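K.L.:
Test case, fold it:
(one chain, ligands or ions: 2)
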Amino acid sequence: MKESKFLTDIKTLRERARKELNQGAVTPGYRADRNTVIKILNEALATEIICVLRYKRHFCMASGINAQSVAQEFLQHANEEQVHADQIAQRIVQLGGEPDFSPEGLAGRSHSEYVEGDNLIDMIKEDLVAERIAIDSYREMINYLNTDDPTTRRMLEGILAMEEEHADDLVSLLEEMGSKK
Ligand SMILES: [Fe+2]
Ligand SMILES: [Fe+2]
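P.N.:
Ligands and ions are numbered 1, 2, ... in the order given. Predicted coordinates for the structure are as follows:
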């Protein structure tokens, strides 16, 4: 069989794997710039935490004004953003970094904003704005990673798909409430 020039030979592969064992999942073949990846993942982590906080606030406020179906949607989104935050934090650790959960500077690290909103429509609109920011920033991260870190990329693609669903849910809520924009 002709040897493919795209594949590393078995001997080299085995030798390389024995070096720098403390790096765990990060092997010498890792092609992305690890520090940059950890930095952008920490920004994504801050974004998700801000989204959890904003959705939780909206959930509580909507419950208070007896808008149960909207409140349930907010709660579901809050829980899903929490899952994203956990996934991202775990990936940062896997890459040898430290997840930044510090409340100090959290809003500044986040791409999306924490806006409380004065009424139900405002809350939904602010959540939609935040989702649209997240959608664009995840898309950029995915493009940046390209084929250099397929695992992080796949994780971000999964999150992006869910943010798109969230945005879609919020547009439907606005339509149901008779407010298109
Ligand atoms: Fe999210
Ligand atoms: Fe979302």
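
K.L.:
Show me what the biggest helix by length in the chain is packed against.
P.N.:
Ranked by number of residues, the top helix in the chain under DSSP state H is helix 34-64. Using 3 or more C-beta pairs under 8 Å, 6 or more residues apart in numbering; DSSP states H and E as the contact definition, the elements that helix 34-64 packs against are helix 68-94, helix 106-109, helix 120-145, helix 150-176. In this view, the C-beta of every residue, glycine as well, is placed from N, C-alpha and C.

K.L.:
buried ones in it?
P.N.:
37-38, 40-59, 61-62 (16 or more other C-beta atoms under 10 Å).

K.L.:
Mind checking the pLDDT average for that helix?
P.N.:
The average pLDDT within helix 34-64 is 97.

K.L.:
Same question for stretch 95-105.
P.N.:
Mean per-residue pLDDT for stretch 95-105: 97.

K.L.:
what's in contact with it?
P.N.:
Contacts with stretch 95-105, where a contact means C-beta atoms under 8 Å, 6 or more residues apart in numbering, come from 23-26, 34, 37-38, 41-42, 45-46, 49, 88-89, 92-93, 109, 152.

K.L.:
looking only at pLDDT, what's the mean for stretch 147-159?
P.N.:
Along stretch 147-159, the predicted local confidence has a mean pLDDT of 97.

K.L.:
Need the contact partners of it.
P.N.:
Contacts of stretch 147-159 from elsewhere in the structure, counted by C-beta under 8 Å, 6+ apart, are 30-32, 37, 41, 44, 84, 87-88, 91, 95, 138, 141-142, 145-146.

K.L.:
ok, of those, which one's closest to ligand 2?
P.N.:
For ligand 2, the nearest member of these is residue 84. The distance, counting by C-beta to the ion, is 7.4 Å.

K.L.:
burial of that closest one, as a residue count?
P.N.:
Residues lying near residue 84 (other C-beta atoms under 10 Å) number 24.

K.L.:
do residue 119 as well
P.N.:
A count of nearby residues for residue 119, using other C-beta under 10 Å, gives 12.

K.L.:
again, but for the one 5 residues further on
P.N.:
Taking other C-beta under 10 Å as the criterion, the count of residues near residue 124 is 25.

K.L.:
just residue 158 next, same as before
P.N.:
Applying other C-beta under 10 Å, we find 12 other residues in the vicinity of residue 158.

K.L.:
how far away is it from ligand 1?
P.N.:
Residue 158 sits 10 Å away from ligand 1, taking C-beta to the ion, to the nearest Å as the criterion.

K.L.:
Next one: that residue relative to residue 145, how far apart?
P.N.:
Distance from residue 158 to residue 145, counting by C-beta to C-beta, to the nearest Å: 13 Å.

K.L.:
Check residue 85 too.
P.N.:
Note on residue 85: its distance to residue 145, by C-beta to C-beta, is 19 Å.
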